[in-house]
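Visitor: After the sequence you'll find the predicted model.
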2 protein chains.
Amino acid sequence: MKITIKDVAKQAGVGIGTVSRVLNNGSVKKETRERVEQAIRLLNYKPNTYARGLKSNHTNTVALIIPTIWHPFFSEFTYYIETFLEKNGLKLLLCNANHNSEKEREYIQMVKQNKVDGIIGITYSHIDQYVSSSLPFVSIDRHFSEDVVYVTADNEAGGILAAQELIKRGCQSLCFIGGHQTAINETKKRRQAFESECHNQNRDYYVLDMPEPILDLDHQLTSFFKKHPDIDGIFAINDTMALDVIRFLNKIGKSVPKDVQVIGFDGQKHSEHSPYLVSSIAQPIETMAKVAVELLIDIIGKKDVAQRTILPVTFVAGKTTLNKEE
Amino acid sequence: MKITIKDVAKQAGVGIGTVSRVLNNGSVKKETRERVEQAIRLLNYKPNTYARGLKSNHTNTVALIIPTIWHPFFSEFTYYIETFLEKNGLKLLLCNANHNSEKEREYIQMVKQNKVDGIIGITYSHIDQYVSSSLPFVSIDRHFSEDVVYVTADNEAGGILAAQELIKRGCQSLCFIGGHQTAINETKKRRQAFESECHNQNRDYYVLDMPEPILDLDHQLTSFFKKHPDIDGIFAINDTMALDVIRFLNKIGKSVPKDVQVIGFDGQKHSEHSPYLVSSIAQPIETMAKVAVELLIDIIGKKDVAQRTILPVTFVAGKTTLNKEE
DNA sequence: CTGTTAGCGCCTTCAG
DNA sequence: CTGAAGGCGCTAACAG
């Protein structure tokens, strides 16, 4: 049996308008309000979200689009997004896009259908045309061609920092190992900045930048290291790649960090209280989430917001680099 | 400007009922249907979810309650849940409960408010009284006192298997290390079954079962291993605990798996294509998710369903056990 | 087969 | 300050 506002009104002996008013903090005589509140409790009445949404045209729900939740970086990010949404009375609808742009588009449609109020997205597919600046959308790590609001870590500073940290730790022969996709995204700057810093410091460096999806990683790594056996400092485009590379290095009998030092990017952990997976350039994930949520709320509230926000990165020492020589 | 069904009807020169029918695959003359579909495309019309929900009283949205998404086990589980929901045209609302039963209750309320159609929950708090069997709720790993539908891995078989695998690999002195909470849950059977199997096989075993939250783990481990320095086979209640224990063992100079072999529980990976974190009793996470979704859909559809589903576990070899002696 | 109509539960005027 | 009435966009039942 569904309890509606009508039942409450009858129970309290008032009109439904009055009940609505107490629900929405309208002005109601204190005594009447109490009577209504009691009736609400008595009947265990819950306002129907749909009826509300139909009128007010908003749902207090935000969609988050990520490639997959089954990944420490995205799960941490999602964790914080949910936390901040919660603080603002918003709910989170989760979408594992899996590089399926169809699915991403579906969620974009949902904004128009009033199923969600806005979207926060980490997406690497070509959905530029569907994301216009008129849509309440905050992009992470991804600069769309149109002027869509986005938040990103300072990938450029990260690339530079990675080179500096490796050099500081005595590496002589550096390299970058990563993968790339066709869609433009901010992560490409990691490599660029790393290269330019190597250049500035007059260091040799090599680059292995593979087009994704990477199917034969070990094969490619084998020939890369065969060609450059002297490499002793690696900057991997992210922690996952770093782990893969480390696994490979161990397989071919190289020790990390003794023979080769490795720095990843992201600053991942298994879970909140775990140690870092690898030495890494850590993204300020919590802050990124916080800013993304705040921006989205402002956009939904029709306020003007900064089109781009770049947050600082830091080096976090794990077990894949030596201690700094100072 | 909002496009409604009315606009479409006018554009197509038909009544709104007809438009509704083409939207819901009612019987419409082919020619008329085409005209309507064209109008829909032309106006880029999207049916309003709220208006629909208001009528039909369902939202095609399911809430998932987990302690935290920032954890490989839960993020994998969530990944599969979302996948299966998606296949059934359902959306996922994510709730990091963080052991906050207040928040869990809030989501339970949402079912009553028609904000979600049902709930799948991994919850370790005391919300029994709010979850009645009348609610579309599927519980994972948790047996509520009322007859709530639940899905769980075979924790009992897992405990036995863990003991067998350790013994098979030559361990002489076994132990169980875990934590427990006040709320009843299926994971307690891991310890019980492990103990009884040790008993059956006439093996010595020790137990360190700490009340959660565990604040001084290292401290407790220190005194435990001081008391039992001969332990060479450990069954940890889950992979996270296994990792913590391994970290501790390394700290005190013991090598895993050479000196001590460790088996966890869950079968966690960082992400889809990563190796197992530790040797482990793997839960059939994908199947659990699939079954949970199917059960929930059946419950929502008022069908009768099995009250409990127990799924088989398997041993997966990681790097924390020796090869089997066969 | 198709147009019309009556609500779904709520919020918001608008009188009283 | 409060009750009644209209309508949000849609579906389903009912005539035609």
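Guide: In hand now; what should we look at?

Visitor: And the contacts of the strand or helix carrying A:A242?
Guide: Under the assignment given by DSSP states H and E, the secondary-structure element containing A:A242 is helix A:239-251. Residues outside helix A:239-251 that contact it (C-beta atoms under 8 Å, 6 or more residues apart in numbering or on different chains) are A:71-73, A:177-179, A:217-218, A:221-222, A:234, A:236, A:255-256, A:259-260, A:262-268, A:277-278, A:280, A:320, B:270-271, B:274-275. C-beta here means a position set from N, CA and C on the backbone, and glycine is covered the same way.

Visitor: Please, a PyMOL command that selects the buried ones among those residues?
Guide: Per 16 or more other C-beta atoms under 10 Å in any protein chain shown, the buried members of these correspond to this PyMOL selection:
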select buried, (chain A and resi 71+72+73+177+178+179+217+221+234+236+256+260+262+263+264+265+266+267+268+277+278+280+320) or (chain B and resi 270+271+274)
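
Visitor: residues near A:Y276, how many?
Guide: Around A:Y276 there are 19 other residues, counting by other C-beta atoms under 10 Å in any protein chain shown.

Visitor: For it, list each beta-bridge partner.
Guide: Beta-bridge partners recorded for A:Y276 (DSSP bridges): A:K269.

Visitor: how near is it to A:D244?
Guide: Between A:Y276 and A:D244 the distance, using C-beta to C-beta, to the nearest Å, works out to 16 Å.

Visitor: which residues in the stretch 151-300 of chain A form strands?
Guide: Listed from the start of the chain, the stretch 151-300 of chain A has strands (DSSP state E, counting those that start in this stretch) covering A:174-180, A:205-211, A:233-236, A:261-266, A:280-282.

Visitor: now for these, which one comes closest to B:A289?
Guide: strand A:261-266 (26.1 Å; C-beta to C-beta).

Visitor: burial of the single nearest residue of the stretch 101-250 of chain A relative to DNA strand C, as a residue count?
Guide: Using C-beta to the nearest atom of the strand, the single residue of the stretch 101-250 of chain A nearest to DNA strand C is A:N114, 13.0 Å away. Burial of A:N114 is recorded as 21 neighbouring residues (other C-beta under 10 Å).

Visitor: residues in the stretch 101-250 of chain A within reach of chain B, list them.
Guide: Residues of the stretch 101-250 of chain A lying close to chain B (C-beta under 8 Å from any C-beta of the partner chain) are A:K103, A:Q109, A:M110, A:K112, A:Q113, A:N114, A:K115, A:T240, A:L243, A:R247.

Visitor: Any chance of a PyMOL selection covering the buried ones in those?
Guide: Applying 16+ other C-beta under 10 Å to these, the buried members can be selected in PyMOL as follows:
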select buried, chain A and resi 103+110+114+115+240+243
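
Visitor: A:F315 pairs with what?
Guide: Bridge pairing for A:F315 - DSSP bridges - gives A:I281.

Visitor: Return the residues in contact with it.
Guide: Residues near A:F315 by C-beta under 8 Å, 6+ apart: A:L161, A:A162, A:E165, A:I263, A:S279, A:S280, A:I281, A:A282.

Visitor: Residue nearest the middle of chain A, spatially speaking?
Guide: The centre of chain A sits closest to A:F77, judged by C-alpha atoms, centre = their mean, with a distance of 4.7 Å.

Visitor: is it true that that one touches A:A289?
Guide: Yes - look at A:F77 against A:A289 with C-beta atoms under 8 Å: they come within range, at 5.9 Å.
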